[in-house]
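>>> need a 3D model of the following:
(one chain, ligands or ions: 1)
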Amino acid sequence: MCDAPKDADARRAVKPVICYPNETLPEAPLALYQAARDGAQKVAETLVPARDARCFEVPAGHFVRITSVEGPQVGDLNFWNLHDLSERFYSGKTRALHGTHVTTGERLWSSFPTLRPMATIVADTLGWYGIDEFGGSVHDVIGTRCDPYTSNLLNENQYHYCCHSNLTRALADHMGLSLVEAEPHVHDVLNVFMCTGFTRDTGQYFMKASPVQPGDYLEFFAEIDLLGGLSACPGGDCSAEHSSDVAACHPLLVEVFEPKAGALGEWTQPSANGYDRTHGR
Ligand SMILES: [Zn+2]
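The predicted model follows:
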């Protein structure tokens, strides 16, 4: 390693600036959503089995709630535009706009070229957690999803119930696709209920036992017609390891709620991003 220059401390002392100040993002109309939610009726539910995944559909203007049942469990969540799988949740840009972990009032943004809110978080019973002494917090957009390729790279094994494979099977079954067709649509997730951060000394991604308990939930308002995929991670509460059958695992409940007719007033779905896509030509 090169020797540090004489002014190293001064260079390190430069104050950071926020990359994407987000004050200009249109604010989510949470009061309107809450009023619509109050009279909403449950119209569908899906129980995601432990170490497996399921897909579910959420029409625009409906609510979808993910609840911990039976025991502490984290979930790996994908969202697609129901009518166009190429528009999908963009974890990296959501992180750049809102930070490493998301909670009530924040949005899940879609991929280019649409870059629009796909879903808005309207309730989070773990919102009290904040950021702990290790720098950990809940519901991250910094992880990817546990997958058999990384597992093979690190452990030379063939484990088939990682969230990546679970989501691939669930999407294939739901859409009538082969595994080969479905796999490229699986993307970096929102880690629902997972408690994660980066170590201060080495900058490594860490996880710790999720504070989630049965009855805790995270709920979204669907801004567009959504196809969701949720995997009940083989890591269980992610207190020790994932990508194996060692951890205690539990199902996750997905429920969809439809507001009363007219409850959303003048609300309309967000349109695609306004950039003209000429890229300087
Ligand atoms: Zn996982």
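
>>> so T94 sits in a helix?
Yes: using DSSP: H, G, I helix; E, B strand; the rest coil, the assignment for T94 is a helix.

>>> show me the contacts for it.
Under the criterion of C-beta atoms under 8 Å, 6 or more residues apart in numbering, the neighbours of T94 are V102, E106, R107, L108, W109, V141, L190. For every residue, glycine as well, the C-beta is placed using N, CA and C.

>>> redo that, cut-off 7 Å
Neighbouring residues of T94 by C-beta atoms under 7 Å, 6 or more residues apart in numbering: V102, L108, W109, V141.

>>> likewise G71?
Under the criterion of C-beta under 7 Å, 6+ apart, the neighbours of G71 are P214, A248, H250.

>>> against G262, how distant is it?
As judged by C-beta to C-beta, to the nearest Å, G71 and G262 stand 40 Å apart.

>>> before we move on, what about G280?
Counting by C-beta to C-beta, the gap from G280 to G262 is 45 Å.

>>> picking up where we left off before, need the contacts of G71 in JSON lines (columns: neighbour count and secondary structure).
Converted to JSON lines, the contacts of G71 look like this (neighbours: other C-beta atoms under 10 Å; DSSP: H, G, I helix; E, B strand; the rest coil):
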{"residue": "P214", "neighbour count": "13", "secondary structure": "coil"}
{"residue": "A248", "neighbour count": "13", "secondary structure": "coil"}
{"residue": "H250", "neighbour count": "20", "secondary structure": "coil"}
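
>>> and which of these is nearest the ion?
Nearest to the ion among the contacts of G71, counting by C-beta to the ion, is H250 at 13.3 Å.

>>> how about the residues of this structure near the ion?
For the chain, the contact set with the ion under C-beta under 5 Å from the ion comprises D76, C146, C163, C233.

>>> can you give me phi and psi for the most centrally placed residue in the chain?
Among the residues of the chain, the smallest C-alpha distance to the mean C-alpha position (C-alpha atoms, centre = their mean) belongs to L190, namely 1.6 Å. When read as degrees, to the nearest 10, the backbone of L190 gives phi -90, psi 120.

>>> quick one, strands of the protein?
Taking DSSP state E, the strands of the chain run over residues 41-48, 53-58, 63-68, 75-81, 84-88, 107-109, 117-124, 137-140, 190-198, 205-208, 217-222, 226-232, 252-258.

>>> which of those strands sits closest to P5?
strand 190-198 (26.0 Å; C-beta to C-beta).

>>> each with direction, which strands does that closest one pair with?
strand 75-81 (antiparallel), strand 137-140 (antiparallel), strand 205-208 (antiparallel) (DSSP bridges).

>>> what's it in contact with?
In this structure, residues lying in contact with strand 190-198 by C-beta under 7 Å, 6+ apart are 66, 68, 73-77, 89, 91, 102, 108, 126, 134-143, 204-212, 218, 238.

>>> quick one: contacts for H98?
Under the criterion of C-beta under 7 Å, 6+ apart, the neighbours of H98 are N22, E106.

>>> give me the pLDDT value at it.
H98 carries a pLDDT score of 96 in this model.

>>> try C238
Model confidence at C238, given as pLDDT, is 87.

>>> from W128, how far off is it?
Distance check for C238 against W128: by C-beta to C-beta, it reads 19 Å.

>>> any idea which of the strands paired with strand 190-198 gets closest to L167?
The closest approach between L167 and any of the strands paired with strand 190-198, judged by C-beta to C-beta, belongs to strand 75-81 at 5.7 Å.

>>> buried sites along the closest one?
Within strand 75-81, the residues that count as buried by 16 or more other C-beta atoms under 10 Å are G75, D76, L77, N78, F79, W80, N81.

>>> give me the low-pLDDT residue ranges for the stretch 101-250 of the chain?
Within the stretch 101-250 of the chain, no stretch has pLDDT under 70.

>>> so where do the helices sit in it?
In the stretch 101-250 of the chain, helices defined by DSSP state H, counting those that start in this stretch lie at 148-155, 163-175, 179-182, listed in chain order.

>>> can you give me the end-to-end span of stretch 4-12?
Start and end residues of stretch 4-12 are separated by 11 Å (C-alpha to C-alpha, to the nearest Å).

>>> what about it, average pLDDT?
Averaged over stretch 4-12, pLDDT sits at 95.

>>> distance between that stretch and the chain's centre?
Distance of stretch 4-12 from its chain centroid, counting by C-alpha atoms, centre = their mean, to the nearest Å, is 39 Å.
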